[in-house]
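Trainee: Turn this into a model:
(4 chains)
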Number of protein chains: 2
Amino acid sequence: MTAHPGFPSAPPLTERQEARRRRILAASAGLARRGGFGAVQMREVAESADVALGTLYRYFPSKVHLLVATMHDQLERLHETLHRHPPKEPEPAARVAVTLMRAFRALQREPNLAEAMLRAFTFADRSAGAEVDAVSRLTTEIILDAVGARGAPTPERLSAVRVIAHTWHSTLIGWLSGRISIEQAQEDIETVCTLITAETTSEVRQ
Amino acid sequence: MTAHPGFPSAPPLTERQEARRRRILAASAGLARRGGFGAVQMREVAESADVALGTLYRYFPSKVHLLVATMHDQLERLHETLHRHPPKEPEPAARVAVTLMRAFRALQREPNLAEAMLRAFTFADRSAGAEVDAVSRLTTEIILDAVGARGAPTPERLSAVRVIAHTWHSTLIGWLSGRISIEQAQEDIETVCTLITAETTSEVRQ
DNA sequence: GGCATCCTTGAAACTTGTTCCAGATTATCC
DNA sequence: GGATAATCTGGAACAAGTTTCAAGGATGCC
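Mentor: Residues are numbered from 1 along each chain as shown, chains lettered A, B, ... in the order given. As a prediction, the model looks like this:
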């Protein structure tokens, strides 16, 4: 119905609106850093961003939308950092594993923020589909950058990348909720990254 | 603090309490089948199970606890069914893939129930750790049964099984929220199942 | 049976996400 | 610069998860 500002295909967004959106995302990330998912309370976000509650909801129609957008924002920063310092391992699988572990460590430094973003991401339903897709695409892109292949990836490779992304999210969640150790997480990420080398899907089919 | 009835290490549970617990789980599954996560409202569960709200909370300290317990309950049924009709493929990886796709189809028949259980499972935080662990163990057991190896599994194999479980959950969620197609889900599950055959983790390490 | 303890009930209260609205502010177009 | 539409504000209201509590029931122990 409403053309919420804040995502593709929306009308241009004036400067003040752009600034508001920034303030909101900053407030969201700030509160998340302090106390995780639970601490990101919509009233607090609004107050902290110096915006009325109704306005907050016009920009981000739910808490999940807000946190997924926050995740997208943070991932973009990560993506840039990775561009500036790409992994140097010779094997593609190793580059992916190293990239993901580097991201993992970055999130370890702000576990509350990570928890808030990931809980929202995995909890999101259809209504946040567009935002979730944007995050998925960005994640895929980051992994494909690490693989470093030249042309368009094969369907097998895309499937492998999806599985890797799933695993990354799951291990992160598992670690954040204390269910698996960092060693286990690292092991699982390395395990799943071998799919990049292998990619022998078809023999199992049917 | 309180020894909530309903999970291991709790005092025996009288017959009427056992019956209450059953009624609650049945009410939860019933409401979930109708309308998914959102339709499982605690007041409705209580009324439908003919139990006071306070009692419901004594048995299951939150909606997430309740739905994860419901998931455990349903998985136990699946496990039994699989025991009665085990997969017959010659390759272990194929047996795992077939088992998971069979489970997938079972859940397809009750997408709302699946959505409710899985959203709760992935949304769960530390406080529901015990319940989540129970579900994870059961899932691992189901996959290991499908692999069908005799002795204790190697750490590599356990890691592969964890990754497979992660992928299964993620694809399920992705399918439920319309983000990936059934074909994609099947493809990803087959992709990840090749890890059972491969298991060449170590070369990527560091 | 009587007593102590724990469990269940019913109902109200509290919390936080979400919606709604009337009036003030800002942006756009002439 | 003024008319018009879109946006923003402050605040009330609603919804559903969760907590709390007093009073009534069940259980187990003597």
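
Trainee: for chain A, which spans come out with low pLDDT?
Mentor: In the predicted model, chain A carries pLDDT under 70 at residues A:1-12, A:198-206.

Trainee: again, 50 this time
Mentor: Applying pLDDT under 50 to the predicted model, the residue ranges of chain A that meet it are A:1-6, A:8, A:200-206.

Trainee: can you map out the helices along chain A?
Mentor: Using DSSP state H, the helices assigned to chain A run over residues A:15-39, A:42-49, A:53-59, A:63-84, A:92-108, A:111-123, A:129-147, A:155-176, A:182-198.

Trainee: can you list the residues of chain A near DNA strand C?
Mentor: Residues of chain A found near DNA strand C (Cβ under 7 Å from any atom of the strand) are A:14, A:16, A:38, A:40-43, A:53-54, A:57, A:61-64. Glycine gets a C-beta too; all of them are placed from N, C-alpha and C.

Trainee: 10 Å instead?
Mentor: Proximity of chain A to DNA strand C (Cβ under 10 Å from any atom of the strand) is limited to residues A:1, A:11-17, A:19, A:31, A:37-46, A:52-58, A:60-67, A:127-128.

Trainee: Just the buried residues of those.
Mentor: Among these, those classed as buried by neighbour count (16 or more other Cβ atoms under 10 Å in any protein chain shown) are A:17, A:31, A:37, A:40, A:45-46, A:56-58, A:60-67, A:128.

Trainee: Within reach of DNA strand D, which of these are there?
Mentor: Residues of these in contact with DNA strand D (Cβ under 10 Å from any atom of the strand): A:17, A:46, A:56-58.

Trainee: Which one of those residues is nearest to DNA strand C?
Mentor: Comparing these against DNA strand C with Cβ to the nearest atom of the strand picks out A:Y57 as the nearest, at 4.5 Å.

Trainee: nearest spatial neighbour of the closest one, skipping sequence neighbours?
Mentor: The spatially closest residue to A:Y57, leaving aside those adjacent along the chain, is A:M42, at 7.6 Å (Cβ to Cβ, 6 or more residues apart in numbering or on different chains).

Trainee: Now that that neighbour has come up, it's in contact with A:P61, right?
Mentor: No - with contact defined as Cβ atoms under 8 Å, A:M42 and A:P61 do not form a contacting pair (11.1 Å).

Trainee: any idea how far the residue nearest to A:Y57 is from B:L195?
Mentor: Using Cβ to Cβ, to the nearest Å, one obtains 41 Å as the distance from A:M42 to B:L195.

Trainee: again, but for A:V68
Mentor: Summarising the geometry, the distance separating A:V68 from B:L195, computed by Cβ to Cβ, is 29 Å.

Trainee: Next: A:L144.
Mentor: Applying Cβ to Cβ, one obtains 20 Å for the distance of A:L144 from B:L195.

Trainee: Neighbour count: the two, which is higher?
Mentor: Per other Cβ atoms under 10 Å in any protein chain shown, whichever of A:L144 and B:L195 has more neighbours is B:L195, with 26 against 16.

Trainee: What is the neighbour count of A:E115?
Mentor: Other residues near A:E115 come to 23 when the count uses other Cβ under 10 Å.

Trainee: Quick one: residues contacting it.
Mentor: With contact taken as Cβ atoms under 8 Å, 6 or more residues apart in numbering or on different chains, A:E115 is in contact with A:32, A:36-37, A:176-177, B:125.

Trainee: With A:R22 instead?
Mentor: A:R22 makes no contacts at all, as judged by Cβ under 8 Å, 6+ apart.

Trainee: Would you confirm that A:P111 contacts A:G178?
Mentor: No - using Cβ under 8 Å as the test, A:P111 is too far from A:G178 to be in contact (10.4 Å).

Trainee: Among these two, which residue is more densely surrounded?
Mentor: Taking other Cβ under 10 Å, A:P111 and A:G178 do not tie; A:P111 has more neighbours (14 against 10).

Trainee: residues in contact with the more buried one?
Mentor: Residues in contact with A:P111, defined by Cβ under 8 Å, 6+ apart, are A:36, A:176.

Trainee: Distance check, it against A:L176.
Mentor: Computed as Cβ to Cβ, the A:P111 to A:L176 distance reads 6 Å.

Trainee: now swap in A:A27 and tell me
Mentor: Noted for A:A27: a distance of 22 Å to A:L176, by Cβ to Cβ.

Trainee: Check A:Q184 too.
Mentor: From A:Q184 to A:L176 the distance is 13 Å (Cβ to Cβ).

Trainee: do the same with A:L13
Mentor: Distance, A:L13 to A:L176, using Cβ to Cβ: 33 Å.

Trainee: Contacts only, for the residue nearest to A:W168 when sequence neighbours are not counted.
Mentor: On the basis of Cβ to Cβ, 6+ apart, the spatially nearest residue to A:W168 that is not a chain neighbour turns out to be A:L100, at 5.4 Å. By Cβ under 8 Å, 6+ apart, A:L100 lies in contact with A:143, A:146, A:164, A:168, A:189, A:193.

Trainee: count of neighbours near the third one?
Mentor: The burial metric for A:I164, expressed as a neighbour count using other Cβ under 10 Å, is 28.

Trainee: mind listing what the nearest residue in space to it that is not next to it in sequence touches?
Mentor: Leaving out its chain neighbours, the residue that sits closest to A:I164 by Cβ to Cβ, 6+ apart is A:V192, at 5.3 Å. The contact partners of A:V192, by Cβ under 8 Å, 6+ apart, come to A:163-164, A:167, B:163, B:192, B:195.

Trainee: if I look at A:M42 and A:P61, which residues touch both of them?
Mentor: Shared between the contact lists of A:M42 and A:P61 (criterion: Cβ under 8 Å, 6+ apart) there are no residues.

Trainee: Of the contacts of A:E115, just say which sits nearest to A:P90.
Mentor: Compare each of the contacts of A:E115 with A:P90 using Cβ to Cβ and the shortest gap goes to A:L176, at 31.9 Å.
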